[in-house]
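A.B. asks: Sequence first, predicted model second:
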Amino acid sequence: MSSPRFSVIIPSFDRAYLLKTRSIPSVLKQTLQDWEVIVVGDGPQNDDLRSATESFGDPRIRYVESPRPGYDSMSEEEFWCVAGAHARNYGLQLASGALIAPLDDDDEFLENHLRDAGEALDGETDFIYGCAIIRDLESGREYEDYFDWRNEATVRRFAERNVVFHSTVCYSSRLQHLRYPTTGSVPADYALWKSMLQGGAQFSSVARPQAVYYGETRSLAIRLSVPSLPPVEQYQKAVAEIFESAMLSNGGPWCLRLEQQVAETVGVPHAIAVPNGDAALVSAFRALRIVSGDRDEVIMPAYTFPSTANAAMAAGFRVAFCDVDEQSLCITPETVAPSVGGRTAAVVPVHAHGNPVDMPAMETFCRDRGLRLLSDAAPAFGARVGDRRTGSFGDMEMFSFSGTKIVSGGEGGMVCTRDPELADLVRKIGRYGLNGSYECLHVGINGKLAELPAALLVLSLPYVDGWIARRRRAAELYRETLSGLPGLRFQQASAPDAVSVWKDFPLILDRPAQRQKIADMMTRYRVDTRPYYRPLHTMPAFRDAKHDALPVTDRLADSVLCIPIYNGISDQLISYVSGIVRHAIED
């Protein structure tokens, strides 16, 4: 029986899901079927990789484990350069084909690759390189990248830097004795190709695409959130206007337009723009403290970002933490009620992950008890309860427009209110506490939003409803693809008519160990995740805050994991991330 013509060598670093769904299936689809596949695992014994390899039931596909230096002594650079080189060299020792076809576990061959390479490696050519399709799962963009090895300029360029995508290469077994260097001083594949070229190997190329490269790097390639922006031409025009006016801040025309448009969108008479969400919270809490008299305590969930408590304490309030609802991850009248006392000035709902609190219920609760209602709506611009948008409830609501939010100016924040007295106080506090005569009336801050981010926000507002619609569709697709998995549930609405903007997509796991397993696996597949909200009542900065038992928050502490979601997320990326989650849970 003759040896396979192609030896396909795939190193895998504990990423069985990619072996099962991407790299090995792409070999099985080849129009030329004379091959062997050698999957080199990152031993010692890795049953997940072995099981994934053997699940195809094809005798041409085998799994081996490579002895290599311990990972504990390696830097990140060494891990990807040195360990990968060891794995590929081990595969080369075992390869029996006349032609060698490297394949990374996170890439895939196009079905014509082996046939095209076999025809090009005609006995005179030793090394063949083909066009790569670059597929960016994060942005959804796709393009071709090609370097013609028949062009002398390309060869000269290669002498300066690597211009080759590893999985588009095939070469003759006459070069099989050459090894990937394991020093880590340069990328191992680049060093190997250079040694071949310098040794006199004949390089050539084929123009049509040969493999798909997914753009992943040593850093986390798939971000948790990617901001949406208006057309760059619109912003360039706005920047030119700002430069012409030389008005960069101090309540310029773009800032005033932003305040007017947000007020109209939300449905309130007053919207005050500030530099960021923290400034919105600080100025609102300081205004509230001025009108609260002897009442110096605010009730807020411990399940929130530290900014909420930081701002309240900076304004001179004592903080009392309450629990949240198990399903919505938001406060309810029932979770707040035990914390209300004679010194309570306000209740501070947090629209967790963009999911609005049942604000009509909270308005009734606070009105009946003579309490103020001030909401941290940082992640929830555009959310609704019934026919009212967040920003229109209670005494004040504060938004953030940072880079992770539904609409972003890079930074920026907003305080929305119906109360003219509070609006006036917030404006004065954000102007250093000064009145018109430059007399300092209150302890203030620099709360002025610059014109450049204000312009970016103004230009973004017309797109917000469409962005939110796409985000809600993405959340629904996640729910469809992940439903029914054991031990996994999703955040629910706080009221039948409450509509989230899904600033985050939190997975709620039954067991912390399960959450950690998913987080660790996402890291291996270069996908960013985050818990976002950690329980504030356990943190040193808030050790003096008042709280009773918070059993739901304690359970959520190590059981919530947010996975990528943003306005422009593609169905393909949702499917990829969902597949990893499913693999982690079902494994």
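C.D. replies: Yep, it's here.

A.B. asks: Kindly state the pLDDT recorded for A557?
C.D. replies: As predicted, A557 sits at a pLDDT of 89.

A.B. asks: who touches it in this structure?
C.D. replies: Contacts for A557 (Cβ atoms under 8 Å, 6 or more residues apart in numbering) come out as 534-535, 538. In this view, the C-beta of every residue, glycine as well, is placed from N, C-alpha and C.

A.B. asks: and if we set it to 6 Å?
C.D. replies: A557 makes contact with P535, according to Cβ atoms under 6 Å, 6 or more residues apart in numbering.

A.B. asks: which element follows the strand or helix carrying C416 toward the C-terminus?
C.D. replies: Using DSSP states H and E, C416 maps to strand 413-417. Later in the chain than strand 413-417, the nearest helix or strand by DSSP H and E is helix 420-429.

A.B. asks: For that following helix, C-alpha coordinates in PDB please.
C.D. replies: Extracted in PDB, the C-alpha atoms of helix 420-429 (Å, rounded to 0.1, in the frame of the first residue of the first chain):
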ATOM      1  CA  PRO A 420     -35.800  72.000  37.000                       C
ATOM      2  CA  GLU A 421     -34.300  72.400  40.500                       C
ATOM      3  CA  LEU A 422     -32.200  69.200  40.100                       C
ATOM      4  CA  ALA A 423     -31.300  70.200  36.600                       C
ATOM      5  CA  ASP A 424     -30.000  73.600  37.700                       C
ATOM      6  CA  LEU A 425     -28.000  72.000  40.500                       C
ATOM      7  CA  VAL A 426     -26.400  69.400  38.200                       C
ATOM      8  CA  ARG A 427     -25.400  72.100  35.700                       C
ATOM      9  CA  LYS A 428     -23.800  74.200  38.500                       C
ATOM     10  CA  ILE A 429     -22.000  71.200  40.000                       C
END
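
A.B. asks: ok, and what's touching it?
C.D. replies: The contact list for helix 420-429, computed with Cβ under 6 Å, 6+ apart, reads 270, 272, 283, 286-287, 290, 396, 415, 417, 442, 444.

A.B. asks: do stretch 519-539 as well
C.D. replies: Applying Cβ under 6 Å, 6+ apart, the external contacts of stretch 519-539 come out as 14-15, 216, 220-224, 302-304, 309, 321, 542, 547, 553, 557, 560-563, 577, 580, 584.

A.B. asks: Could you pull out the buried residues of it?
C.D. replies: 519, 521-522, 525-530, 532-537 (16 or more other Cβ atoms under 10 Å).

A.B. asks: The protein - how does it break down into domains?
C.D. replies: 6-213, 232-463, 465-586 (automatic domain parsing).

A.B. asks: Single out the most deeply packed of those domains.
C.D. replies: Of all the domains of the chain, domain 232-463 has the most neighbours on average by mean count of other Cβ atoms under 10 Å, namely a mean of 21.

A.B. asks: Please state the offset of that domain from the chain centre?
C.D. replies: The chain centre lies 25 Å from the centre of domain 232-463; the measure is Cα atoms, centre = their mean, to the nearest Å.

A.B. asks: From M539, how far out is V39?
C.D. replies: Distance from V39 to M539, counting by Cβ to Cβ, to the nearest Å: 45 Å.

A.B. asks: Name the single longest helix found in the chain.
C.D. replies: Ranked by number of residues, the top helix in the chain under DSSP state H is helix 464-482.

A.B. asks: which element follows that one toward the C-terminus?
C.D. replies: Downstream of helix 464-482, the next assigned helix or strand under DSSP H and E is strand 488-490.

A.B. asks: That next one pairs with which strands, parallel or anti?
C.D. replies: Partner strands and pairing direction for strand 488-490 (DSSP bridges) are strand 505-509 (antiparallel).

A.B. asks: Identify, from the buried residues of stretch 519-539, the entry nearest to E152.
C.D. replies: Checking the buried residues of stretch 519-539 against E152 with Cβ to Cβ, the nearest one is R526 at 36.0 Å.

A.B. asks: by how many degrees do the one helix or strand A513 maps to and strand 505-509 diverge?
C.D. replies: Take DSSP H and E as the rule and A513 turns out to sit in helix 512-524. Calculated by axes from the mean of the first three to the mean of the last three Cα atoms, to 10 degrees, helix 512-524 forms an angle of 140 degrees with strand 505-509.
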